[in-house]
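Chemist: sequence and computational prediction follow.
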Amino acid sequence: MIYKLSFSFKRDKGFRKYLFAIMIFLFTTTQIEAQNAEAILQKLKQKLEKVNDYEARGKMKMNVVFIKAPVADVKVYYKKPNMLRIINDNGISFIPKGSVNISLNNIFADLQNFDIIDAGNDSAGLHVIKMLPKGDTADIVLSTLYIDEKNLLIKKSKTTTRENGSYELLMSYGKYAEYELPDKIVFSFNTKDYKLPKGITLDYDEGTEKNNDKLKNKKGTVEIIYSNYVINKGIDNKIFLH
């Protein structure tokens, strides 16, 4: 009996050492992954910081159940840190708050205020990084980035906010990739979560009733295809006053 108890103790002690080693390995691996994810984000931040401002021309197509709008020629103005304006001379420019580059620039400006989680690679080979704000007052609840690590490009982002629901950005790049500026953006969101800006009068599409539940659970998309950018030439702040 004494022999058996002694053997059990040794086995238990060995198991504890084994379990401890596994825990150390997992902790170390997690730390390395987090450091790798943070290094990737820092490199992306450096690319984004190359752009102080830009003016771009493009075509915007909206597919929103409660808006009837043709494909429009637009001008897009951006200036650090988070000023953005889209001008459509032919009508309204329906862009939900927090879209296009604003949210990404805000995130990268305050990386220290986010917990970074490395989620590995997805089925398309993109590096997935999740970002959680450390405070509980930020508008962003969770942001997930899908990164082409080889070319250092954000190909997709999914963001959940407190005020405007969840939205997704798909980005395609071309000759402005060195500035992390896409040739095409597709912005998707749930219409039930979006709060319309004050003072906007909508042109409802045919067959769409104005105040009913049919607008719920609908997916809206805004697509912008850029034809050119003018980068770092300076933009007067007055352009953003509207």
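Modeler: Looks like it came in fine. Numbering: from 1, shown residues only.

Chemist: only C-alpha atoms for contact and neighbour calcs from this point on.
Modeler: OK.

Chemist: longest strand in the chain, by residue count?
Modeler: Longest strand in the chain by number of residues (criterion: DSSP state E): strand 219-231.

Chemist: adjacent strands (with direction) for that strand?
Modeler: If you go by DSSP bridges, strand 219-231 pairs up with strand 53-63 (antiparallel), strand 184-190 (antiparallel).

Chemist: can you list contacts of the last one?
Modeler: Contacts with strand 184-190, where a contact means Cα atoms under 8 Å, 6 or more residues apart in numbering, come from 99-100, 165-173, 217-226.

Chemist: if any of these are buried, put those into a ChimeraX selection.
Modeler: Buried residues within the contacts of strand 184-190, by 16 or more other Cα atoms under 10 Å, are selected in ChimeraX with:
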select :99,100,165,166,167,168,169,170,171,172,173,220,221,222,223,224,225,226
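
Chemist: sketch out the strands for the protein, chain order is fine.
Modeler: According to DSSP E, the strands that the chain contains are 53-63, 72-79, 83-87, 114-121, 127-133, 140-148, 153-161, 166-172, 184-190, 219-231.

Chemist: in CSV: these, plus mean pLDDT and distance to Leu44.
Modeler: Shown next, in CSV, are the strands of the chain (pLDDT from 0 to 100; distance: least, Cα to Cα, whole Å):
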stretch, mean pLDDT, distance to Leu44
strand 53-63, 90, 17
strand 72-79, 90, 18
strand 83-87, 84, 20
strand 114-121, 90, 14
strand 127-133, 92, 12
strand 140-148, 91, 10
strand 153-161, 91, 8
strand 166-172, 89, 15
strand 184-190, 87, 18
strand 219-231, 90, 18
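
Chemist: out of those, nearest to Phe240?
Modeler: strand 83-87 (6.0 Å; Cα to Cα).

Chemist: ok and that closest one relative to strand 53-63, angle-wise?
Modeler: Using axes from the mean of the first three to the mean of the last three Cα atoms, to 10 degrees, one finds that strand 83-87 and strand 53-63 are set 50 degrees apart in direction.

Chemist: identify each buried residue in strand 83-87, please.
Modeler: Buried residues in strand 83-87, counted by 16+ other Cα under 10 Å: Leu84, Arg85, Ile86, Ile87.

Chemist: same question, stretch 115-122
Modeler: Ile116, Ile117, Asp118, Ala119.
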